[in-house]
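**Student:** Starting from these lines, generate the structure:
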Amino acid sequence: MKWLTWRHWVFQEGPPDLDTILKNLFSRKPGKSNRGNSGAALPQGPSLKQFGMFLLGAVLLWAVGGFFVVQPAEQAVVLRFGKYHRTEGPGLHWRAPVLERKYQLNVEQVMTTNLDQVMLTESENMISLAFVVQYRIGDLEAYLFNVENPIHSLKQVLDSAVRQVVGHSQLDELLTTGRDVVTQAVRKEIERLLLKYKTGLLVTDVAMQTAKAPEAVKDAFDDVIKAREDKARLMNEARSYANSRLPVARGHANRLLQEANADKEQTIFIAKGDIAGFERVLPEYKKSPEVTGDRMYFDTMQSVLQDSRVVVVEQGKGSNNVIYLPMQEMMKNAPKLDSTDETWVEPAKPQPIAQPQQKTSRYKRKRDYTRYMGAQS
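**Tutor:** All right, here's what the predicted structure looks like:
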């Protein structure tokens, strides 16, 4: 049988049959001549050296074909004989071709799934909700082998978690102030279920896009929501006004208290000073009551009448009092005619003072002074 060289494989009929090669390789025994019965030379088969080189080349090709590169955002799972063997991170790695198989995926890519359903709240009210969940692969081995379809499982988990949380929430919480609390509760429930089912997915964000009433009752719900928003706005305005006014009022109250305490202390000190002064005068008063009493009376009258414009001069016993009016001082304080106003306001006339006939004692003088002060007022 004719031995085919590699040139014949490439340029003519392609590689020979494997059975033919093996038969030609092992059919001849060592020491036998390569000539036939007729004496003609038979075609030479491959030597052991050539076969070794061929085998070495095949091994090199097999080894080189096992190298692979994992990108920075990727991971590769290697299976040996169909069973999980290891997980490779970014970099250059090698696997045994034919014996090992790899699955290489991007584990940093963020994917999105959403949910838009009408659900029942705890108070049996209908509400339309829309949620968006962002996720990525957290465990590549679990993602590939634990669940048949992790993405579909995630959608079912999202629907279950939202219904669980909404079913234990009030309508007001979902429409107004409780949206963040509900969103966090939905995320915790999703993470718990994904960990329980070992899907290998990692949730990065959960957001509630819309929360509204069904179209049939949308107008009524909009009115309710507007009323709640107005209530919240008015409460915020009231708090802002109170916060701006209360510090001023507290400061004013503190100032009044401090002034009152100061007046109290001042009055107490003045009273104590007066008591001390009376205690010093008391021995003199006991020695000569008439003289000391007159002196105290005159000092009191001087302190009372020092700013008065009416001067009362006593001429003597049995005579009437003479009233002296300082006209120059009174004219200085009289109102003047305004250049733009032709009306003249006449100054008030002094009230007549009752003239007592006699003053025979200190007590009558005090009575006359009291009447005089009453006439002035």
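
**Student:** List the beta-bridge partners for Thr113.
**Tutor:** Val133 (DSSP bridges).

**Student:** okay, now it: neighbour count?
**Tutor:** For Thr113, the neighbour count with other C-beta atoms under 10 Å is 15. (C-beta placed from N, C-alpha, C; glycine too.)

**Student:** and if you look at Val203?
**Tutor:** 18.

**Student:** That one belongs to a helix?
**Tutor:** No - assessed with DSSP: H, G, I helix; E, B strand; the rest coil, Val203 is strand; it does not lie in a helix.

**Student:** For Arg86, give its distance to Val77.
**Tutor:** 8 Å (C-beta to C-beta, to the nearest Å).

**Student:** Looking at those two, which is more packed in?
**Tutor:** Taking other C-beta under 10 Å, Arg86 and Val77 do not tie; Val77 has more neighbours (19 against 14).

**Student:** Spatially, which residue comes closest to that one, not counting chain neighbours?
**Tutor:** Tyr103 (4.8 Å; C-beta to C-beta, 6 or more residues apart in numbering).

**Student:** Just list what the helix or strand containing the one you found packs against, helices and strands only.
**Tutor:** Taking DSSP states H and E as the definition, Tyr103 sits inside strand 100-106. Under the contact criterion of 3 or more C-beta pairs under 8 Å, 6 or more residues apart in numbering; DSSP states H and E, strand 100-106 touches strand 67-70, strand 74-80, helix 140-145.

**Student:** Quick one: mean pLDDT for that strand?
**Tutor:** Taken as a whole, strand 100-106 has an average pLDDT of 88.

**Student:** can you check stretch 203-220 too?
**Tutor:** 82.

**Student:** Point out where the stretch 251-377 of the chain drops to low pLDDT.
**Tutor:** Residues of the stretch 251-377 of the chain that meet the criterion pLDDT under 70 lie in 308-377.

**Student:** Can you tell me how far the nearest residue to Asn114 once chain neighbours are set aside is from Met208?
**Tutor:** Spatially, and ignoring its direct neighbours in sequence, Asn114 is nearest to Val132 (4.8 Å; C-beta to C-beta, 6+ apart). Between Val132 and Met208 the distance is 8 Å, computed by C-beta to C-beta.

**Student:** again, but for Leu105
**Tutor:** From Leu105 to Met208 the distance is 30 Å (C-beta to C-beta).

**Student:** One more: Asn261?
**Tutor:** 58 Å.

**Student:** So these two - more neighbours on which side?
**Tutor:** Taking neighbours as other C-beta under 10 Å, Asn261 and Met208 compare with Met208 leading, 16 against 10.

**Student:** can you tell me which residues contact the residue nearest to Val77?
**Tutor:** 76-77, 79, 140, 144 (C-beta atoms under 8 Å, 6 or more residues apart in numbering).

**Student:** can you rerun that using 7 Å?
**Tutor:** Tyr103 sits next to 76-77, 144 when contact means C-beta atoms under 7 Å, 6 or more residues apart in numbering.

**Student:** Export the residues you listed as TSV, with columns for distance to Leu256 and pLDDT.
**Tutor:** Formatted as TSV, these follow (distance: C-beta to C-beta, whole Å; pLDDT from 0 to 100):
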residue	distance to Leu256	pLDDT
Ala76	80	91
Val77	80	91
Leu144	79	90
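
**Student:** List just the nearest of those residues to Gln170.
**Tutor:** Using C-beta to C-beta, Leu144 is the member of those that lies nearest Gln170, at 41.8 Å.

**Student:** Count the residues that sit near the closest one.
**Tutor:** Neighbour tally, Leu144, other C-beta under 10 Å: 16.

**Student:** Equivalent analysis for Thr121, please.
**Tutor:** Neighbours of Thr121 (other C-beta under 10 Å): 19.

**Student:** Check Ser240 too.
**Tutor:** By the criterion of other C-beta under 10 Å, Ser240 has 10 neighbours.

**Student:** Same question for the strand holding Tyr103: list its buried residues.
**Tutor:** For strand 100-106, the buried set under the neighbour-count rule, 16 or more other C-beta atoms under 10 Å, comprises 100, 102-104.

**Student:** Make TSV out of these and add distance to Leu61.
**Tutor:** Formatted as TSV, the buried residues of strand 100-106 follow (distance: C-beta to C-beta, whole Å):
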residue	distance to Leu61
Glu100	16
Lys102	18
Tyr103	23
Gln104	22
